[in-house]
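Visitor: this one's sequence-less:
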Ligand SMILES: O=C(O)C(=O)Cc1ccccc1
C-alpha cells in the first residue's frame, strides 16, 4: 500500500499520516503540492492520498475541497485531526528578518504575530511549510513559518516558538482513494457530500437542510464553493454525522437525489473526534425509526 502525501519530509501532513491507522504499514511518497497528491491517486500511481482539508483558524483548505468538488471523483475513507503549533525558523535574529515564507494556510494562522513582530517583512507563499523551511535553509528567504520538526529537519534554528494566533489550532487531514465502498460503520462516522442545487429556486438550500433535520442527522460543516460557472453559482460541501449504511442516511441521500440537480457522495469514514456523537433529537433515534417502520408495516398488513 502506497500513500502520496503533501511533502516534503517535515510537513504537518506527514506527522498526521503517522497517526492514521490505515497507514501503519504503508510506504509514504512525499509530493510537492496537494494537487500532485490527488492527481497521483486519480491516475492510479499510488493507492491513496493524504492531504489537509480544514483548519480551526482559517476554515477550508480550498485547493483540497475544490479538487474533491470538481474533477474525477475521489472518496474520503479516513480522517486525522492534528493540533498544530508554528515556529519562526531562521539563521537570522528576528530583528534582521526581511523575508518570510510559508504555506498560505500556515501564514493565515500567524497573522497577528507577523503584524506585531515582522510588520515590514515581505511574505512569500510556499507549497507547504516544510518546503518553506527548505527554501529558507537554501537562502531563498530569511525565515520560514513551519512546524518545529520541519526546522529541525533542515537544520534551521528556531527564533520564536508557538507563534500561532490561536493556541488551540488544529488541522483536519483526509485519506482519499479512488471510488470504493466505505469502511464499516463505527457508530461515530462522518459522511461528506457535495450538493448542486437550482440557484434560482427560493428555498432550495432549506430543502437540502430539511432532508437532514427531519432524520435527526447533524451537520458538522457546510461550505459553499464556486462552481466556476459565474458569480452566484455555488455548490455546497457538507459533512454530516452518520454512515452511508445507516437507514436514516440512506433516506436523506434519496431525498437529496430527488430534489437536487446533482449529489456527489464523497465518502463515509470514522470520525477522529473524542466527543461522543450528538444524540438525535426526541423522536429521531434509531429506535423511533424502527418503531415507525414496524407501525407502517402493521398498518399495511405486511408486518409481524
Ligand atoms: O504545509 C504543511 O506542513 C502542511 O501539512 C499543510 C498545513 C499547513 C498549515 C497547517 C496545517 C497543515
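Guide: On my side now, so go ahead. Note that this is a predicted model, so its numbers are computed, not measured.
Visitor: Is stretch 107-118 positioned near the ligand?
Guide: No. Figure legend: stretch 107-118 not in contact with the ligand (C-beta under 6 Å from any ligand atom); closest approach 6.5 Å. To be clear about C-beta, it is placed using only N, CA and C from the backbone, and glycine gets the same treatment.
Visitor: Pull out the buried residues from that stretch.
Guide: 107, 109-110, 113-114, 117-118 (16 or more other C-beta atoms under 10 Å).
Visitor: Likewise for stretch 192-203?
Guide: Those would be 192-197, for stretch 192-203 by 16+ other C-beta under 10 Å.
Visitor: What values do phi and psi take at residue 177?
Guide: For residue 177, the backbone dihedrals are phi -140, psi 170 (criterion: degrees, to the nearest 10).
Visitor: which residues touch the residue lying closest to it once chain neighbours are set aside?
Guide: Excluding its sequence neighbours, the residue lying closest to residue 177 (C-beta to C-beta, 6 or more residues apart in numbering) is residue 48, at 5.0 Å. Residue 48 sits next to 1-4, 22-23, 26, 41, 77, 175-177 when contact means C-beta atoms under 8 Å, 6 or more residues apart in numbering.
Visitor: 7 Å - rerun?
Guide: Residues near residue 48 by C-beta atoms under 7 Å, 6 or more residues apart in numbering: 1, 3, 41, 175-177.
Visitor: With residue 280 instead?
Guide: residue 216 are the contacts of residue 280 under C-beta under 7 Å, 6+ apart.
Visitor: ok but it is inside a strand, no?
Guide: No. Per DSSP: H, G, I helix; E, B strand; the rest coil, residue 280 lies outside any strand segment and is coil.
Visitor: Now the residue of the stretch 201-304 of the chain found nearest the ligand: which helix or strand?
Guide: Here the stretch 201-304 of the chain gets closest to the ligand at one residue, residue 272, 14.6 Å apart by C-beta to the nearest ligand atom. In this assignment (DSSP states H and E), residue 272 forms part of neither any helix nor any strand.
Visitor: what about it, how many neighbours?
Guide: 19 (other C-beta atoms under 10 Å).
Visitor: let's number from 115 now, not from 1
Guide: Happy to do that; since the first residue is 115 now, the last one works out to residue 386.
Visitor: Quick check: it vs residue 302, distance?
Guide: The gap separating residue 386 from residue 302 is 9 Å, by C-beta to C-beta, to the nearest Å.
Visitor: Would you confirm that residue 309 contacts residue 322?
Guide: Yes. Using C-beta atoms under 7 Å, residue 309 makes contact with residue 322 at a distance of 5.6 Å.
Visitor: Overlap of the contact sets of the two?
Guide: The contact lists of residue 309 and residue 322 share 350, 370, 374, where a contact means C-beta under 7 Å, 6+ apart.
Visitor: Rebuild these as a markdown table, extending it with pLDDT and secondary structure.
Guide: Below are those laid out as a markdown table (pLDDT from 0 to 100; DSSP: H, G, I helix; E, B strand; the rest coil):
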| residue | pLDDT | secondary structure |
| --- | --- | --- |
| 350 | 96 | strand |
| 370 | 98 | helix |
| 374 | 95 | coil |
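Visitor: can I get those residues in a markdown table with neighbour count and distance to residue 409?
Guide: Listed next are the shared contacts of residue 309 and residue 322 as a markdown table, based on neighbours: other C-beta atoms under 10 Å; distance: C-beta to C-beta, whole Å:
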| residue | neighbour count | distance to residue 409 |
| --- | --- | --- |
| 350 | 19 | 34 |
| 370 | 20 | 25 |
| 374 | 21 | 30 |
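Visitor: would you list those in TSV and tack on distance to the ligand?
Guide: Output for the shared contacts of residue 309 and residue 322, formatted as TSV (distance: C-beta to the nearest ligand atom, whole Å):
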residue	distance to the ligand
350	24
370	31
374	31
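Visitor: who touches residue 306 in this structure?
Guide: Residue 306 touches 190, 352-353, 380-381, counting by C-beta under 7 Å, 6+ apart.
Visitor: at 6 Å what do you get?
Guide: 190, 353, 380-381 (C-beta atoms under 6 Å, 6 or more residues apart in numbering).
Visitor: Likewise for residue 126?
Guide: So residue 126 contacts 198, 261 (C-beta under 6 Å, 6+ apart).
Visitor: and the contacts of residue 162, which are buried?
Guide: By 16+ other C-beta under 10 Å, the contacts of residue 162 give 117, 155, 289-291 as buried.
Visitor: before we move on, the earlier item: with secondary structure and pLDDT added, can I get the buried residues of stretch 306-317 in JSON lines?
Guide: Converted to JSON lines, the buried residues of stretch 306-317 look like this (DSSP: H, G, I helix; E, B strand; the rest coil; pLDDT from 0 to 100):
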{"residue": "306", "secondary structure": "strand", "pLDDT": "98"}
{"residue": "307", "secondary structure": "strand", "pLDDT": "97"}
{"residue": "308", "secondary structure": "strand", "pLDDT": "97"}
{"residue": "309", "secondary structure": "strand", "pLDDT": "96"}
{"residue": "310", "secondary structure": "strand", "pLDDT": "94"}
{"residue": "311", "secondary structure": "coil", "pLDDT": "93"}
